[in-house]
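Enquirer: Everything below, folded, please.
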Amino acid sequence: MTTHLTTVDRDAFLLRLRDRVDRPDYIDRTAEADRLGRLSIDNVRALQDLGITGMVVDPAHEGGGADLDLAVRVTETLGYRDASTAVALNMHWSGARALARIPSFPRRDEALDAIRRHEAVICGAFSVPSGSLDARTARLQCRADGGDFVFSGRAGFGSMSDAATYAMLGAILTEDTTGEPRFVMTIGRFGEPGLVNHHNWSAMGMRATGSNDIECTDLRVPRSDCLVIPLDSLRSQRQGDSAFVAFGIAGIWLGLAQAAFDFTTDHVQHRYGYMAEGTFNPTPGRFHADEAWAHTAIGNMDHWLGTGRALLYDMVRRMDPDSTDEHRLTRDLVRTLFHLRRMVEEVAMGAMKTCGAHGYVTDRPLERIFRDLVGGVVMAWKTDQLQQTLGMGALGRAIRFTGPAGS
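Expert: So this is what the prediction gives:
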């Protein structure tokens with residue numbers, strides 16, 4: 001008999017997560033992973049021990065997996081301390097949810113069962129390799145060869161790949177004589193011949209997401225271990241899938257912004273004066289928390305944090321993934337993300353302007369928090385583009401929401 005989480009259990013679930021990520025060893029590993037530019041595998045293992053990694057497909061949660069509200073609260077909590085692992089987790093969840101929806105085949109069942117037991121994580125690389133610029137060159141290819149499908153090609157941004165056991169792979173079948181493009185999907189096992197993790201992720205912010213290039217070099221998989229579907233069927237995914245991934249990212253932004261805000265309010269209460277005492281200080285100094293300019297900057301940050309949190313969780317509560325009004329759902333998604341993106345921009349710059357050079361040094365966490373916030377600014381969606389999309393939607397014109405989970 002399956003036991004579902006109650007409201008009390010959910011609160012305790014989040015409390016255990018918060019207690020774990022607040023421990024000094026977890027915080028130290030997060031800082032070290034950022035310095036090295038590598039995902040903290042030990043932090044991922046800690047999340048597995050807590051039942052976090054498989055929660056979106058774990059039958060212990062009502063409906064066969066954690067709902068959107070709990071998922072966003074987890075990414076917010078994790079984003080406050082460890083945004084890189086939160087990004088990797090969110091993309092792993094996307095892969096796990098995809099596995100749960102597609103038809104059964106042996107490798108799919110093996111991976112899904114391991115994820116549900118919180119014993120494995122999965123990645124997927126479907127973007128342009130980080131060292132390239134042309135999307136036309138970023139794809140896997142698949143050909144039939146006897147009883148096997150053979151995969152080749154390279155793609156980027158395989159977040160979570162440093163810790164992953166599995167990789168979700170997909171390619172259009174070449175030399176297909178059916179007349180209808182078909183897509184071949186399989187699950188690669190890291191360590192098998194022909195599946196390569198290049199471990200090449202190197203970025204200014206979000207340095208420890210493990211978003212490496214994944215390459216197939218004549219990876220040979222039996223046909224029975226693959227799923228072959230019409231290409232058009234990929235475009236008919238449930239409307240809630242994009243929202244689940246996008247709002248998970250927004251939760252990370254919210255956690256990061258709260259971390260920047262908390263650092264700023266603490267910093268100004270300890271930062272006193274400007275120049276070294278006794279050199280160029282003709283008048284007594286005072287704490288920066290007593291300066292009017294600091295009040296104004298912090299007030300602006302507080303506004304964006306408060307409205308961003310209210311809008312995000314209001315949308316999470318109201319969202320109906322089975323709604324038939326796709327235009328309205330898309331407008332709501334875009335409006336929420338636009339506001340949260342503006343929040344990230346305002347809080348990031350507000351923290352830097354308020355804390356100044358003494359905040360932006362490597363032995364204080366704001367330096368990493370700021371770089372990760374800027375990583376949120378460049379991620380997936382452009383602020384101006386979101387604003388344009390809102391205007392088009394308000395005029396009743398067709399709009400599309402495109403992001404890490406598709407369109």
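Enquirer: rest of the way, CA atoms for contacts and neighbours
Expert: OK.
Enquirer: Leaving out chain neighbours, which residue sits closest to the residue nearest in space to the middle of the chain?
Expert: Taking C-alpha atoms, centre = their mean, the centroid of the chain lies closest to V87, which sits 3.0 Å from it. Of all residues not flanking V87 in the chain, T209 sits nearest, at 6.4 Å (C-alpha to C-alpha, 6 or more residues apart in numbering).
Enquirer: doesn't R38 make contact with the one you found?
Expert: Yes: counting by C-alpha atoms under 8 Å, T209 touches R38, with 7.0 Å between them.
Enquirer: the more surrounded of these two?
Expert: Taking neighbours as other C-alpha atoms under 10 Å, T209 and R38 compare with T209 leading, 32 against 25.
Enquirer: any idea how far F401 is from that one?
Expert: T209 sits 24 Å away from F401, going by C-alpha to C-alpha, to the nearest Å.
Enquirer: Likewise for G146?
Expert: Using C-alpha to C-alpha, G146 is found at 40 Å from F401.
Enquirer: Show me which of those two is the more surrounded one.
Expert: F401 (18 against 9).
Enquirer: Residue ranges in the stretch 301-407 of the chain under the pLDDT threshold?
Expert: Within the stretch 301-407 of the chain, the set of residues satisfying pLDDT under 70 comprises 321-323, 403-407.
Enquirer: quick revisit: my read: the residue nearest to the centre of the chain touches W253, true?
Expert: No: applying C-alpha under 8 Å as the test, V87 and W253 come out as separate, 10.0 Å apart.
Enquirer: can you give me the strands in the stretch 101-250 of the chain?
Expert: 122-124, 140-145, 148-158, 166-173, 182-189, 195-197, 212-222, 226-230 (DSSP state E, counting those that start in this stretch).
Enquirer: Make CSV from those strands and add mean pLDDT, distance to A348 and mean neighbour count to it.
Expert: Below are these laid out as CSV (pLDDT from 0 to 100; distance: least, C-alpha to C-alpha, whole Å; neighbours: other C-alpha atoms under 10 Å):
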stretch, mean pLDDT, distance to A348, mean neighbour count
strand 122-124, 96, 29, 31
strand 140-145, 93, 37, 19
strand 148-158, 95, 24, 22
strand 166-173, 94, 34, 22
strand 182-189, 95, 38, 22
strand 195-197, 98, 33, 19
strand 212-222, 97, 26, 21
strand 226-230, 93, 44, 17
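Enquirer: Go through these and name the closest to T265.
Expert: When the strands of the stretch 101-250 of the chain are compared by C-alpha to C-alpha, strand 148-158 sits nearest T265, at 34.7 Å.
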